[in-house]
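Peer 1: what follows is a predicted protein model with its sequence.
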Amino acid sequence: MSSLLRLKSPITTIAGSILLVLLGLVPVFAMLLDDPFMLTLFTRIVIMAIAAVSLNLILGYGGMVSFGHAAYIGVGGYAIGILAHHGITEAWIQWPVALIGSALVALLIGLLSLRTKGIFFIMLTLALAQLVYYLGNGAYAYGGDDGLTILQRTDFGGLLDLNDKETLYYLCWVLLVIVLWLTYRVVNSRFGMVLQGAKSNDRRMATLGFPVFRYRLTAFVISGTICGLAGILTATYTDFISPAMMHWTRSGDLIVMVVLGGMGSLFGPLFGAVTFLMLEEILSSWTEYWKIVFGPILLLVVLFARGGIDGAMVRGAAGYALTGLITLFLIYVVHYLWYDDWIPAAVVLAGAAAAILAIWYRQRREAVAIASAGGDHA
Amino acid sequence: MLEPVLKVEGLVKRFGGLVATDNLNLDIREGEVHAVIGPNGAGKTTMISQLIGELRPDAGSIRFLGQDITHLPVHARSHLGIARSFQITSIFLNFTTLENIMLAVQAHDGHSFRFWKDARSDPRLREPAMAALEQVGLAHRAETVASVLSHGEHRQLEIAMALATRPKLLLLDEPMAGMGPEDSARMVTLLRQIKGSITMLLIEHDMDAVFALADRITVLVYGRGIATGEPDEIRRNEQVRQAYLGDEA
Ligand SMILES: Nc1ncnc2c1ncn2[C@@H]1O[C@H](COP(=O)(O)OP(=O)(O)OP(=O)(O)O)[C@@H](O)[C@H]1O
Ligand SMILES: [Mg+2]
């Protein structure tokens, strides 16, 4: 077996690529189904996938559990909203300001929190992000906790017309592909080795001669900047900014997406974001109390499918994971056809339960097989 | 006489009421293997942790190659040429054996703010790492994930990583800990090979290994150095026999 750090197995890469292509075709599906809402939903999914990929860089590869990543979505978004409010809509001003702003906030939060570890780090990132949240809340000039409507979208000159839904969607999609590609390069570079080494054993890293803090801080800033990009896009497609976009529960959602998809896997956060947001969308349309259903599903996945969706694929439960993803798409179609019906709800719950039981059963069988073979899984 | 490679003066480290390092003086000369022996809890690991910079001494100074390093951080000491192997194996369990060593090589091949080129296929890292694995006899395990190596192999990897940073001074904290006689013998052979080219501070409970390798020995008891000398002197030293060697020697 070779390193766990590579693209873990071809199956993940294939599934991830297929998913990316499918996402690229969403505008076509939306047109065929004549469903403009589909495009809106998937714009959100693609944007959150960018944010989840950014979190995965430090959480999955670097072991830094940032519980405040929504802050950068806020900073990126507010930069766009505030500039637009003052009549500055040129992309070449808005985007750099938003990205540099996110980077600076990440630098500050990183400087303050990265000296700590474990639960202290989690709590500090949460607290500092809440500080940013309250700044937004108190920004009365920009709507306070009511938020602020953006009257004019970013102006890309003659290059792009962001008022066109499809153009905006493709912009998000292309940026997602670029961010994935960048992440792939970075985690396999020397810098990426340091990041992963520090996750594995930071004490040894220092003894070997690495000034670990500097590398972690750099990764933290890169991650915050990419997350700021997701903020820019969020503000753009909703034409709205408000403190709600950086509420701590949003940070929690991002962590769940990464864990659900598979930490430290390139495509993991993509699987996680798609699954999370589609389930949320479907379940919340069926019942007001969807969180009661959603919570246990997530819990089961985290408990029984270690390594998330990606882990299930790598362990050979590819069939189940793929079936799960395909089922999700089918359910979405069913959901689209019979809106507000309880039958699909029953189907998805039964399906999810069956898939999880199947994975669990198979894992147990494998565990027994490994144990009787002498435990050598080299 | 030449200035020693490492000069420790008046080193003190307290843990609450316990004095783990008690006014310790130590000279390590260029090229020698200097063994530090002492009963469990004598403060040997605590001493190494201060030399490498993980623990901050309460008093005293540490000079390395004429430079005061008492307050230097761990990573900076590594770049001056001090390497450490851990008493309890400390490796990157989810990396392959080769990748473990490649990280050590990378640490001393300029900065790592390199974000683009694939590190694993970089011959500047692979080739020296492979050579280090061959040196310790682990080349056949290069592509194996470190977590599944045997205990003996872990110990070899531990040493190989320290060696791959090309240190001038190697601090070895019980390299033979938990090894069977065969693995121990192989480790002694390995240390003998590098003896002379790298100055070593060797902590070890295995007295056969100590007397086979050491040029000089310091005996540590309750954090105090009670004697330093050549192996024969130490064997004959009455105080040492009483305090530590007992009937063994
Ligand atoms: N971080 C710490 N906090 C409090 N006490 C400590 C700490 N580290 C070590 N000690 C104590 O200091 C003393 C010296 O410990 P040390 O580990 O240096 O001994 P040692 O000589 O390496 O022993 P061994 O041969 O068992 O490895 C022991 O009494 C130990 O309990
Ligand atoms: Mg010890």
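Peer 2: Received, thanks. Not measured: the values here are computed from a predicted model. Numbering: from 1, shown residues only, chains lettered A, B, ... in the order given. Ligands and ions are numbered 1, 2, ... in the order given.

Peer 1: tell me the pLDDT of the most far-flung residue of chain B relative to its centre.
Peer 2: Most distant from the centre of chain B: B:W116, at 34.0 Å, with distances by Cα atoms, centre = their mean. Looking at B:W116, its pLDDT stands at 95.

Peer 1: residues contacting it?
Peer 2: A:R185, A:V186, A:S189 (Cβ atoms under 8 Å, 6 or more residues apart in numbering or on different chains). Any C-beta I mention is one placed from the backbone N, CA and C, and that applies to glycine too.

Peer 1: so it: helix, strand or coil?
Peer 2: coil (DSSP: H, G, I helix; E, B strand; the rest coil).

Peer 1: do the one 4 residues further on as well
Peer 2: Going by three-state DSSP, the secondary structure assigned to B:R120 is coil.

Peer 1: select from the contacts of B:W116 the one having the most neighbours.
Peer 2: Tallying neighbours with other Cβ atoms under 10 Å in any protein chain shown puts A:S189 at the head of those, with 21 neighbours.

Peer 1: and the gap between the residue nearest to it when sequence neighbours are not counted and ligand 2?
Peer 2: Nearest non-adjacent residue to A:S189, counting by Cβ to Cβ, 6 or more residues apart in numbering or on different chains: B:F115, 5.0 Å away. Between B:F115 and ligand 2 the distance is 39 Å, computed by Cβ to the ion, to the nearest Å.

Peer 1: identify the residues contacting B:F115.
Peer 2: Neighbouring residues of B:F115 by Cβ under 8 Å, 6+ apart: A:R185, A:V186, A:S189, A:F191, A:G192.

Peer 1: inside helices: which ones of the contacts of B:W116?
Peer 2: Judged by DSSP state H, the contacts of B:W116 include A:R185, A:V186 as members of helices.

Peer 1: save the contacts of B:W116 as a markdown table, and put in pLDDT and distance to ligand 2 too.
Peer 2: Converted to a markdown table, the contacts of B:W116 look like this (pLDDT from 0 to 100; distance: Cβ to the ion, whole Å):
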| residue | pLDDT | distance to ligand 2 |
| --- | --- | --- |
| A:R185 | 97 | 42 |
| A:V186 | 97 | 38 |
| A:S189 | 97 | 37 |
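
Peer 1: from the contacts of B:W116, which is closest to B:L103?
Peer 2: Checking the contacts of B:W116 against B:L103 with Cβ to Cβ, the nearest one is A:S189 at 13.0 Å.

Peer 1: got phi/psi on that closest one?
Peer 2: Here is the backbone geometry of A:S189 (degrees, to the nearest 10): phi -80, psi 180.

Peer 1: any weak-confidence spans in the chain?
Peer 2: By default, I'm working from chain A. For chain A, applying pLDDT under 70 flags the ranges A:1-9, A:300-306, A:314-353, A:355-357, A:359-378.

Peer 1: nope, chain B
Peer 2: Those would be B:1, B:244-249, if you go by pLDDT under 70 across chain B.

Peer 1: closest point of it to ligand 2, which residue?
Peer 2: When scored by Cβ to the ion, chain B has B:T45 as its residue closest to ligand 2, at 3.1 Å.

Peer 1: and that residue, what does it touch?
Peer 2: B:Q87, B:D173, B:I203.

Peer 1: tell me, how many neighbours does the second one end up with?
Peer 2: Under the neighbour criterion other Cβ under 10 Å, B:D173 is assigned a count of 22.

Peer 1: again, but for the first one
Peer 2: For B:Q87, the neighbour count with other Cβ under 10 Å is 17.

Peer 1: that one: what secondary structure?
Peer 2: B:Q87 is classified as coil under three-state DSSP.

Peer 1: near ligand 2, from the contacts of B:T45?
Peer 2: B:Q87 (Cβ under 5 Å from the ion).

Peer 1: which one of the contacts of B:T45 sits closest to ligand 1?
Peer 2: Among the contacts of B:T45, B:Q87 lies closest to ligand 1 (Cβ to the nearest ligand atom), at 5.7 Å.

Peer 1: quick check: chain neighbours aside, which residue is closest to the closest one?
Peer 2: Leaving aside its chain neighbours, B:Q87 sits nearest to B:D173 (4.1 Å; criterion: Cβ to Cβ, 6+ apart).

Peer 1: so what's that neighbour bridging to?
Peer 2: Beta-bridge partners of B:D173, counted by DSSP bridges, are B:I203.

Peer 1: residue contacts, it?
Peer 2: Contacts of B:D173 (Cβ under 8 Å, 6+ apart): B:K44, B:T45, B:I48, B:R84, B:S85, B:F86, B:Q87, B:I203.

Peer 1: one more: A:D155?
Peer 2: Here A:D155 is in contact with A:T89, A:E90, A:A91 (Cβ under 8 Å, 6+ apart).

Peer 1: all strands of the chain, in order?
Peer 2: Using chain A here. In chain A, the segments counted as strands under DSSP state E are A:148-149, A:240-241.

Peer 1: my bad, chain B
Peer 2: Going by DSSP E, chain B shows strands at B:6-15, B:18-28, B:33-37, B:59-64, B:67-68, B:82-85, B:169-173, B:199-203, B:216-221, B:224-229.

Peer 1: correct me, but A:P211 touches B:S78?
Peer 2: No. Using Cβ atoms under 8 Å, A:P211 is not in contact with B:S78, being 9.8 Å away.

Peer 1: with neighbour numbers in mind, choose between those two.
Peer 2: Neighbours were counted for A:P211 and for B:S78 using other Cβ under 10 Å; B:S78 has more, 27 against 20.

Peer 1: list the contacts for the more buried one?
Peer 2: Counting by Cβ under 8 Å, 6+ apart, B:S78 has contacts A:A206, A:T207, A:L208, A:G209, B:A107, B:H108, B:T165, B:P167.

Peer 1: are any of the residues you listed buried, and if so which?
Peer 2: Buried by 16 or more other Cβ atoms under 10 Å in any protein chain shown: A:A206, A:T207, A:L208, A:G209, B:A107, B:H108, B:T165, B:P167, out of these.

Peer 1: I'm done for today, thanks for sticking with me.
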